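Undergrad: quick one, structure for this:
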Amino acid sequence: MPVLNERAYLEHAVRSVLEQDVDGPTELVLALGPSSDGTTELARRLAAEDERILLVDNPAAHIPVGLNAAIRASTHATIIRVDAHSELSPGYARRALETLQRTGAANVGGVMRADGRTPFQRAVARLYNSPVGLGGGAYHGSDHEGEAESAYLGVMRREVIEQVGLFDETIRRGEDWELNLRIRQAGHLVWFDPALSVTYWPRESWVRLARQFRATGAWRGELVRRFGRRNGLRYFAPPALVIVTAAAALVGVLQLVGLLRGVAGLVASIVYLPLIAYALLVIGVGLAGPGGVRQRLWTMAVLPTMHFSWGLGFIGGALRGARDTVDASRLGSRNTPLP
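TA: The predicted structure follows:
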């Protein structure tokens, strides 16, 4: 479990791991980044209370670096990746181990079930769980078990991930997708089991959400630079939305100043149609959603925030590379503990 500024979520995440019922010994390795909210002190207290918890340092705070440090410090044949912003469902580990054995897969993952406490966070969670929000990856709600492109978090055979070289430490977001690509290229199976469920708690504010999605988009653009069309078509939808919006803005300006008129102006106006359709989609998703007025209004704000932040990040990452882009939403915390 890589950990950075997760004081509000860490104890619940750790508890969900330690309460897993499996045959044989287990351990939980926390890779501690330089937190500023008391997370490290909490982690040390938890480790002092339970000998199954091991601590390793991750001074760079990069997720793949922390994951590799934790894997190297671990001792068992199966690696279960967990996240400090999430909670494993009861029976998760036992079911995952059974699925590994039954399918012969190298990596098994399940469903990310986002949840929220506030109207904003519940709006974000709803869109995480919807194909309209994040593009319909299997782990966002599919109920069909089978071979998969990637696995959310992942329950992995140690011998396989050591064979392919652990996580690529030059990739700061999307590192799990890239690892699973190498696993599949090596001839192994990645498997999705919808009976496996992990509760994920999204970012708590609009600014943090926008920062998270911009960073994620930038690194997806970097992965497209490196691996081209091995990336699914759904990843290109948000940057296409950004490009269409920019084109519509340009057409609008040219029409206002009189440089685009007549038949040419009429033809150019076609560029507005996809934006009108998108606006209607956003409004429809918001109005049709559950919750009160605040949650529905947040839904209509969150959906374009996700898409445009991700799309802008993707374009920058694809054109010039992700470089030193980090998920700035993780660098500070004002969270309040979960009930």
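
Undergrad: how about residue 13, secondary structure?
TA: At residue 13, secondary structure determined by DSSP: H, G, I helix; E, B strand; the rest coil is helix.

Undergrad: oops, could you answer that again for residue 108 instead?
TA: Going by three-state DSSP: residue 108 is strand.

Undergrad: what about residue 36, which SS state?
TA: Classification of residue 36 using three-state DSSP returns coil.

Undergrad: please apply the same query to residue 211.
TA: helix.

Undergrad: distance of it relative to residue 301?
TA: Note on residue 211: its distance to residue 301, by Cβ to Cβ, to the nearest Å, is 15 Å. Quick note: C-beta positions are derived from backbone N, CA and C, even for glycine.

Undergrad: do the same with residue 10
TA: 29 Å.

Undergrad: these two: which has the busier surroundings?
TA: The neighbour comparison of residue 10 against residue 301 (other Cβ atoms under 10 Å) goes to residue 10, with 24 against 14.

Undergrad: where does pLDDT dip in the stretch 201-339 of the chain?
TA: Judged by pLDDT under 70, the stretch 201-339 of the chain has its weakly predicted residues at 332-339.

Undergrad: tally of neighbours for residue 12?
TA: When neighbours are counted by other Cβ under 10 Å, residue 12 registers 18.

Undergrad: I should have written residue 66 there, sorry.
TA: 26.

Undergrad: kindly report the same for residue 237.
TA: 13.

Undergrad: just the buried positions in the strand or helix carrying it, please.
TA: Residue 237 belongs to helix 237-256 when assigned by DSSP states H and E. With burial defined by 16 or more other Cβ atoms under 10 Å, the residues of helix 237-256 counted as buried are 238-239, 241-242, 244-245, 248, 251, 255.

Undergrad: nearest residue to residue 307 in space, please, no chain neighbours.
TA: Excluding the flanking residues, the one nearest residue 307 by Cβ to Cβ, 6 or more residues apart in numbering is residue 238, at 4.7 Å.

Undergrad: ah, wrong one, I meant residue 160
TA: In this structure, residue 160 finds its nearest non-sequential neighbour in residue 106, 4.0 Å apart by Cβ to Cβ, 6+ apart.

Undergrad: pretty sure residue 234 belongs to a strand, no?
TA: No - using three-state DSSP, the assignment for residue 234 is helix, not a strand.

Undergrad: from residue 273, how far off is residue 152?
TA: Here residue 152 is placed at a distance of 35 Å from residue 273 (Cβ to Cβ).

Undergrad: number of residues surrounding residue 94?
TA: Using other Cβ under 10 Å, residue 94 has 13 other residues around it.

Undergrad: one more: residue 308?
TA: So residue 308, with other Cβ under 10 Å, has 19 neighbours.

Undergrad: likewise residue 181?
TA: Residues near residue 181, counting by other Cβ under 10 Å: 21.

Undergrad: what sits against residue 188?
TA: Shown in contact with residue 188 (Cβ atoms under 8 Å, 6 or more residues apart in numbering): 105-107, 160.

Undergrad: let's see that with 7 Å instead.
TA: 106, 160 (Cβ atoms under 7 Å, 6 or more residues apart in numbering).

Undergrad: circling back: check contacts around the residue nearest to residue 160.
TA: Contact analysis of residue 106 by Cβ under 7 Å, 6+ apart lists 156-157, 160, 183, 188-190.

Undergrad: and the gap between it and residue 227?
TA: Per Cβ to Cβ, residue 106 is found 19 Å from residue 227.

Undergrad: where do the strands sit along the stretch 151-300 of the chain?
TA: 155-157, 190-200 (DSSP state E, counting those that start in this stretch).

Undergrad: may I see the buried residues of the last one?
TA: Buried residues in strand 190-200, counting neighbours by 16+ other Cβ under 10 Å, are found at 190-193, 196-200.

Undergrad: farthest-apart pair in those, please.
TA: Among these, the pair separated by the greatest distance (Cβ to Cβ) is 190 and 199, at 22.1 Å.
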